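Undergrad: Okay, predicted coordinates and the sequence, questions at the end:
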Amino acid sequence: MESTISVDEFQALEQKVLQTVEIIKKERAARAAAEADAAAAHAELAELKKILAASADSQTEIEALQAEREQVRARVESMLASLDELL
């Protein structure tokens, strides 16, 4: 059983194979770009998480400083009141 392929059929098949190879190359390049974008997004997300954590730490520190300031203010007012009584 011998099958023969005409030159036109062979060229058409060759053209389809070349097109398929090009499609695969483009898909691989697109996948690599998408993976790079995803890695960059993950890195940016990690950086944002660090910033948010630092912001939360800063907010806690600000609240502690405000509470301390109020304590100092109350002590100073008390001292001033004591001085007023002495004078």
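TA: Perfect, I can see it now. Numbering: from 1, shown residues only.
Undergrad: okay, now Glu61: neighbour count?
TA: 10 (other CB atoms under 10 Å). Yep, even glycine has a C-beta here, placed from its N, CA and C like the rest.
Undergrad: And for Phe10?
TA: Phe10: 11 surrounding residues under other CB under 10 Å.
Undergrad: Glu85 versus that one, what's the distance?
TA: The gap separating Phe10 from Glu85 is 112 Å, by CB to CB, to the nearest Å.
Undergrad: just Leu18 next, same as before
TA: Leu18 is 100 Å from Glu85, where distance means CB to CB.
Undergrad: okay, those two: which has more neighbours?
TA: Counted by other CB under 10 Å, Leu18 and Glu85 do not tie: Leu18 has more neighbours, with 10 against 7.
Undergrad: mind listing what the more buried one touches?
TA: The contact partners of Leu18, taken as CB atoms under 8 Å, 6 or more residues apart in numbering, number zero.
Undergrad: Could you say which helix or strand holds it?
TA: Secondary structure from DSSP states H and E places Leu18 in helix 7-86.
Undergrad: just how off-centre is that helix within its chain?
TA: Distance of helix 7-86 from the chain centroid (CA atoms, centre = their mean, to the nearest Å) equals 4 Å.
Undergrad: Can you get me a residue count around Lys26?
TA: Neighbour count for Lys26, taken as other CB under 10 Å: 10.
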